[in-house]
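Asker: here is a sequence together with a model predicted from it:
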Amino acid sequence: MAIGVDIEDINRFIDKSDEFIKRVFTQVEIDYCNKYKKPESHFAARFCAKEAVIKALSALDITDVSLNEIEVYHNENRCPQVKILKKLEKNVKFDLSLSHDRTKAIAFVIAQEF
């Protein structure tokens, strides 16, 4: 088992370039975030999740996953989930929690090999 956490200032995600958004986020994430009045809060939370996933994977000796190979989505119960968009050398299950307020976003991830 491994954990990862990340916290970011939401203001860092205001007016980010399309190039940055497309380099870091998947189309599923972009569509989700852009449907909100303040998409920067949702982009920041997803960025935190990606960073937290990378930290947790590193603790499991998996170091070849980039930000755009990690997708954050919500299941049918509106719970945040992680999907790795490439084949990993190990089978890993993730538990993810996201939160944000007016100024900060945070994500906490638990990664378990199975």
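Answerer: Cool, the structure landed.

Asker: only C-alpha atoms from now on, for both contacts and neighbour counts.
Answerer: Fine.

Asker: need the longest helix for the protein.
Answerer: Longest among the helix segments of the chain by residue count, using DSSP state H, is helix 39-59.

Asker: what about the strands in the chain?
Answerer: Taking DSSP state E to define them, one finds strands in the chain at 2-9, 70-74, 80-84, 92-100, 104-113.

Asker: re the thing from before, ok, and what's touching the longest helix of the chain?
Answerer: 2-14, 24, 29-30, 33, 63, 65-67, 70-72, 96, 98-102, 104-111 (C-alpha atoms under 8 Å, 6 or more residues apart in numbering).

Asker: ok, for residue 70, nearest residue in space, not its chain neighbours?
Answerer: residue 84 (4.8 Å; C-alpha to C-alpha, 6 or more residues apart in numbering).

Asker: that neighbour touches residue 68, doesn't it?
Answerer: No. Applying C-alpha atoms under 8 Å as the test, residue 84 and residue 68 come out as separate, 9.2 Å apart.

Asker: where does the chain dip in pLDDT?
Answerer: Within the chain, no stretch has pLDDT under 70.

Asker: hmm, back to that, as CSV, the strands of the chain with mean neighbour count and distance to residue 44 would be great.
Answerer: What follows is the strands of the chain, written out as CSV (neighbours: other C-alpha atoms under 10 Å; distance: least, C-alpha to C-alpha, whole Å):
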stretch, mean neighbour count, distance to residue 44
strand 2-9, 19, 7
strand 70-74, 19, 12
strand 80-84, 17, 14
strand 92-100, 17, 8
strand 104-113, 20, 6
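
Asker: if we can go back for a sec, check contacts around the residue nearest to residue 70.
Answerer: Here residue 84 is in contact with 69-71 (C-alpha under 8 Å, 6+ apart).

Asker: any chance of these in a markdown table, with distance to residue 55 too?
Answerer: Supplementary listing: those in a markdown table, determined by distance: C-alpha to C-alpha, whole Å:
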| residue | distance to residue 55 |
| --- | --- |
| 69 | 14 |
| 70 | 12 |
| 71 | 15 |
